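Participant: with the input below, show me the fold.
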Amino acid sequence: MKWDDVTLVILAASGCLTLLLTQVSEVLSRLPQIIRAWRQVRSELSGGGTGPGPGDPSGPSGGQDES
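Facilitator: So this is what the prediction gives:
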């Protein structure tokens, strides 16, 4: 193995490690949001969720006042 090959292997390994650490950092920074969304899904599936609010466009009035 020549020094050129060793240098290329070191550069490739450091690039891959940098990419891996960046991706792990992104996932860890979004973890609280993912956990909140998962808890909301579990709450909705168990029937503990509340219906849409009065100003919610997905509600029965379509977001319009009933007057």
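
Participant: secondary structure element for Leu28?
Facilitator: In this structure, Leu28 sits in helix 3-45 according to DSSP states H and E.

Participant: for that helix, name the packing helices and strands.
Facilitator: Helices and strands touching helix 3-45, by 3 or more CB pairs under 8 Å, 6 or more residues apart in numbering; DSSP states H and E: there are none. The way it works is simple: take the backbone N, C-alpha and C, and place the C-beta from them, glycine included.

Participant: give me the mean pLDDT for it.
Facilitator: Regarding helix 3-45, the rounded mean pLDDT is 96.

Participant: the chain should start at 139 in everything you say after this.
Facilitator: Yes, from this point I'll number from 139; that puts the last item at helix 141-183.

Participant: quick one: that helix to chain centroid distance?
Facilitator: In terms of CA atoms, centre = their mean, to the nearest Å, the centre of helix 141-183 is set 11 Å apart from its chain centre.

Participant: buried sites along stretch 152-166?
Facilitator: For stretch 152-166, burial by neighbour count (16 or more other CB atoms under 10 Å) applies to no residue.

Participant: alpha carbons of that stretch, as CSV, please.
Facilitator: Output of stretch 152-166 as CSV, limited to C-alpha atoms (Å, rounded to 0.1, in the frame of the first residue of the first chain):
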residue,chain,number,x,y,z
SER,A,152,-12.8,11.3,7.9
GLY,A,153,-15.4,12.4,5.4
CYS,A,154,-17.6,9.5,6.2
LEU,A,155,-17.2,10.0,9.9
THR,A,156,-18.1,13.7,9.5
LEU,A,157,-21.2,12.9,7.5
LEU,A,158,-22.3,10.3,10.1
LEU,A,159,-21.8,12.7,13.0
THR,A,160,-23.8,15.4,11.2
GLN,A,161,-26.7,13.0,10.6
VAL,A,162,-26.7,11.8,14.2
SER,A,163,-26.7,15.4,15.4
GLU,A,164,-29.7,16.2,13.1
VAL,A,165,-31.7,13.2,14.4
LEU,A,166,-30.9,14.0,18.0
